[in-house]
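heads up, no residue letters with this:
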């Protein structure tokens, strides 16, 4: 998205898809978060330190995701235009809520996206560590296989 310019083939298509997928993921993430709060969770495996680290990691991932969604929304609606989601429905704009909203939200969105990618990579490595080194059922439970 950052490298698109007026002459790129994807100049009009990519932002539409990016915003649409982002808003659908925001809805799914909100649903998943609510589901997690109202559903009983299985007992976490591992020691006390791992359980605390897992809780902090999960909360951090949710905070980063919601911050990413909000910053993306603020970028897209700073010019007071609504967001059309795959021509299915439209999410209205709140307009420019603060000065330089598009630029500030854009910087936040960019760095949060990279932080989230790195954080999820570490999360994947932790799940693989549980599976291959600790030989516990964490990964199988995450994938719904147990």
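Everything's here; your move. What you are looking at is a predicted structure, and each value in this text was computed from that prediction instead of being measured.

quick one: buried residues of the worst-scoring helix or strand of the chain on mean pLDDT?
Ranked by mean pLDDT, DSSP states H and E, the weakest helix or strand in the chain is helix 138-142, scoring a mean of 83. Residues 138-139 are the ones in helix 138-142 that count as buried (16 or more other Cβ atoms under 10 Å). (C-beta placed from N, C-alpha, C; glycine too.)

Let me see the ranges of the helices in the protein.
Assigned helices in the chain, in chain order: 13-38, 48-77, 101-129, 138-142 (criterion: DSSP state H).

ok, the most centrally placed residue in the chain to residue 84 distance?
Nearest to the geometric centre of the chain sits residue 65, at 3.2 Å (Cα atoms, centre = their mean). Distance, residue 65 to residue 84, using Cβ to Cβ, to the nearest Å: 22 Å.

got it, and residue 12?
From residue 12 over to residue 84 the distance is 12 Å, taken as Cβ to Cβ.

Tell me which of the two has more neighbours.
residue 84 (14 against 10; other Cβ atoms under 10 Å).

Contacts only, for the more buried one.
16, 20, 90 (Cβ atoms under 8 Å, 6 or more residues apart in numbering).

Need those in a markdown table (columns: pLDDT, neighbour count and distance to residue 122).
Output for those, formatted as a markdown table (pLDDT from 0 to 100; neighbours: other Cβ atoms under 10 Å; distance: Cβ to Cβ, whole Å):
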| residue | pLDDT | neighbour count | distance to residue 122 |
| --- | --- | --- | --- |
| 16 | 91 | 15 | 32 |
| 20 | 96 | 17 | 29 |
| 90 | 97 | 11 | 37 |
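
for those, which one is nearest residue 72?
Set against residue 72, the nearest of the contacts of residue 84 by Cβ to Cβ is residue 20 (11.2 Å).
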